[in-house]
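Visitor: No sequence on hand, only this structure:
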């Protein structure tokens, strides 16, 4: 089964010049979703993970499934003013603007082995910001894990000091 057959292109979303990779058909198909999860888990080669950090919002879908599968905690990284407790934040650039992300200060303990997950590695801004948050709290990044990588945007360069896995590369 090719999971890329369950990703559809939407031209002009969220801006006219963007070709958006829509994962909802993948989420909607139980067999394809299980296959994608299996590929993502398999990329870890049995490494122990204490926390899975999922980036808002599409990183939550497989992030929570990965945490369940790996018997690890799940840490949501959210856009500003969405988390109710004490937070740390990091700003980043993405392919269509500037934003920031926040994480609870007690989400990662020093020495926690962390898997970072998001749906897509594009320009690398989001992934770099999430890495910064995890490292500020003393977490050890085991891998940055993505459903897809848009390799022509060179986002890998921003997080190249960490192991990177993408199930699909465009």
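Guide: Happy to help now that I have it. None of these values were measured; they are calculated from a predicted model. Numbering: from 1, shown residues only.
Visitor: what sits against the residue positioned nearest the centre of the chain?
Guide: Centrality entry for the chain: nearest residue to the mean C-alpha point is residue 118, 1.5 Å, by Cα atoms, centre = their mean. Contact analysis of residue 118 by Cβ atoms under 8 Å, 6 or more residues apart in numbering lists 54-55, 58-59, 63, 126-127, 130, 145-146. C-beta coordinates here come from the backbone N, C-alpha and C atoms, glycine included.
Visitor: Neighbours of residue 38, how many?
Guide: Close neighbours of residue 38, defined as other Cβ atoms under 10 Å, add up to 14.
Visitor: So it lies in a strand, does it not?
Guide: No - Residue 38 is assigned helix when assessed by DSSP: H, G, I helix; E, B strand; the rest coil, not a strand.
Visitor: before we move on, the earlier item: so which of the contacts of residue 118 comes closest to residue 111?
Guide: Distances from the contacts of residue 118 to residue 111 were compared by Cβ to Cβ; the smallest belongs to residue 130, at 18.1 Å.
Visitor: Assess the claim that the closest one and residue 107 are in contact.
Guide: No - applying Cβ atoms under 8 Å as the test, residue 130 and residue 107 come out as separate, 11.4 Å apart.
Visitor: In contact with residue 101, which residues?
Guide: Contacts of residue 101 by Cβ under 8 Å, 6+ apart are 55-56, 77-80, 89-90, 92, 126, 129-130, 133.
Visitor: export those residues to JSON lines and tack on secondary structure, pLDDT and neighbour count?
Guide: As requested, the contacts of residue 101 are exported to JSON lines (DSSP: H, G, I helix; E, B strand; the rest coil; pLDDT from 0 to 100; neighbours: other Cβ atoms under 10 Å):
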{"residue": "55", "secondary structure": "strand", "pLDDT": "96", "neighbour count": "25"}
{"residue": "56", "secondary structure": "coil", "pLDDT": "94", "neighbour count": "18"}
{"residue": "77", "secondary structure": "strand", "pLDDT": "98", "neighbour count": "28"}
{"residue": "78", "secondary structure": "strand", "pLDDT": "97", "neighbour count": "18"}
{"residue": "79", "secondary structure": "coil", "pLDDT": "95", "neighbour count": "14"}
{"residue": "80", "secondary structure": "coil", "pLDDT": "96", "neighbour count": "12"}
{"residue": "89", "secondary structure": "strand", "pLDDT": "97", "neighbour count": "17"}
{"residue": "90", "secondary structure": "strand", "pLDDT": "97", "neighbour count": "20"}
{"residue": "92", "secondary structure": "strand", "pLDDT": "85", "neighbour count": "19"}
{"residue": "126", "secondary structure": "helix", "pLDDT": "93", "neighbour count": "28"}
{"residue": "129", "secondary structure": "helix", "pLDDT": "97", "neighbour count": "24"}
{"residue": "130", "secondary structure": "helix", "pLDDT": "98", "neighbour count": "28"}
{"residue": "133", "secondary structure": "helix", "pLDDT": "98", "neighbour count": "26"}
